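In: My questions are about this predicted structure, shown below with the sequence.
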Amino acid sequence: MFIDTHCHLTFPNFKEDLDDVITRAEAADVRKIIVPGMDLHTSREAVQLADQYVAVYAAVGVHPQESRSFNPDHMKEFEGLASHPKVVAVGEIGLDFYRDYAPHDLQKSVFRNFLNFAGHRRLPVIIHNRAAYDDILKIVREAEFREVSGVFHCFSEDERGAKEIMNMGYAVSFTGTVTFKNSKTAEISKSIPLDKQLLETDAPFMAPAPFRGNRNEPAYVKHIAEKQAELRSITPGEVGRITTEHAYHIFPRLRN
Ligand SMILES: [Zn+2]
């Protein structure tokens, strides 16, 4: 079996055919799917999907690009959501200095708020990084967040960065970009042990070959697993077994 540890099923791209998307995922042996929230509203929706579909699990949080929507008064509701048995993580959270949707200071304070929240609830975090790697690293290494762990999703830093994160106990996860021709991320992924990695689509974005440029969906995890298998001369089944085990280690509530 495979687990898609990052997929935005709350996005409008899936409105028309969500039942079919989930059926196709299950047919491709993708038995669990983590849907992260982008803000309070989509966090609620992710939890609703988890109630609706056996395969779906949720994460709740505020994405850096939605930092402006953050309101401390919402934390009570986030607390309620996080106590749902199928909420497996806090996310996605992090910093995005590439698109600059929100001032850096605001992004950092929202990020710290949710790291703190995750620490108190003993939940792992799903971290989004874009052009902000050094700042993220500095923050997660602050003394009060040392107990927090999780995943750096859609990893795009270099090999040294991947090893740094792995050594901190965080998982590293790569999307469909590993399937692209002359893929740099494939090389980086290959340089670190598979048992420190997770599978993810980041759908609807980042569709793997041969679907590059189209809408991505959880069933395509299979193509990423096949590429990971080819890189290591093992079977896709092995890739599934190793990464599933690591997903259970990083997100203990996924076992429920
Ligand atoms: Zn995402």
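Out: Looks like it arrived, so ask away.

In: downstream neighbour of the helix or strand where N113 lies in the secondary structure list?
Out: Element membership for N113 (DSSP states H and E) is helix 104-121. Later in the chain than helix 104-121, the nearest helix or strand by DSSP H and E is strand 125-130.

In: Quick check: buried residues in that next one?
Out: Using 16 or more other C-beta atoms under 10 Å as the test for burial, strand 125-130 gives V125, I126, I127, H128, N129, R130. In short, each C-beta sits where N, CA and C put it, glycine included.

In: ok so, going back, and the average pLDDT for the helix holding N113 is what?
Out: For helix 104-121, mean pLDDT is 98.

In: can you check stretch 35-49 too?
Out: The average pLDDT within stretch 35-49 is 98.

In: hmm, who's touching it?
Out: Residues from elsewhere that reach stretch 35-49, judged by C-beta atoms under 8 Å, 6 or more residues apart in numbering: 6-10, 50, 56-63, 65-66, 69-70, 74, 77-78, 81, 84, 86-87, 89, 91-92, 126.

In: Among the residues you listed, which lie within strands?
Out: V56, Y57, A58, A59, V60, V87, A89, G91, E92, I126 (DSSP state E).

In: coming back round to it: mind putting the buried residues of strand 125-130 into CSV with distance to H246?
Out: As requested, the buried residues of strand 125-130 are arranged in CSV below (distance: C-beta to C-beta, whole Å):
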residue, distance to H246
V125, 16
I126, 14
I127, 16
H128, 19
N129, 19
R130, 24
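
In: what's the most distant pair in these?
Out: Across those, no pair lies farther apart than V125 and R130, at 16.0 Å, counting by C-beta to C-beta.

In: follow-up on the earlier one: list buried residues within the ones in strands among the contacts of stretch 35-49.
Out: V56, Y57, A58, A59, V60, V87, A89, G91, E92, I126.

In: Show me what the third one is bridged to.
Out: For A58, the beta-bridge assignment (DSSP bridges) gives partners V35, V87.

In: How about the contacts made by it?
Out: 34-37, 43, 46-47, 49-50, 81, 84, 86-88.

In: hang on, isn't F114 packed against A89?
Out: No: in this structure, F114 is not within contact of A89 by C-beta atoms under 8 Å, at 10.5 Å.

In: Now list whatever residues contact both of the two.
Out: What both F114 and A89 touch, as defined by C-beta under 8 Å, 6+ apart, is the set V125.

In: need the ones in strands among the contacts of stretch 35-49 in a markdown table with pLDDT and distance to A118, can you?
Out: Shown next, in a markdown table, are the ones in strands among the contacts of stretch 35-49 (pLDDT from 0 to 100; distance: C-beta to C-beta, whole Å):
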| residue | pLDDT | distance to A118 |
| --- | --- | --- |
| V56 | 98 | 20 |
| Y57 | 98 | 16 |
| A58 | 98 | 14 |
| A59 | 98 | 10 |
| V60 | 98 | 10 |
| V87 | 98 | 11 |
| A89 | 98 | 8 |
| G91 | 96 | 9 |
| E92 | 97 | 12 |
| I126 | 98 | 10 |
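
In: want to try a markdown table for these, with distance to A209 as columns?
Out: Compiled in a markdown table, those are given as follows (distance: C-beta to C-beta, whole Å):
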| residue | distance to A209 |
| --- | --- |
| V56 | 26 |
| Y57 | 27 |
| A58 | 29 |
| A59 | 27 |
| V60 | 32 |
| V87 | 33 |
| A89 | 28 |
| G91 | 27 |
| E92 | 25 |
| I126 | 25 |
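
In: between those, which is nearest M206?
Out: Checking those one by one against M206 (C-beta to C-beta), the nearest turns out to be E92, at 14.0 Å.

In: do you know how far the closest one is from F251?
Out: 13 Å (C-beta to C-beta, to the nearest Å).

In: now I3, what's its secondary structure?
Out: Secondary structure assignment for I3 (DSSP: H, G, I helix; E, B strand; the rest coil): strand.

In: I'd assumed A25 was in contact with it.
Out: No: the criterion here is C-beta under 8 Å, and I3 misses it with A25 at 10.3 Å.
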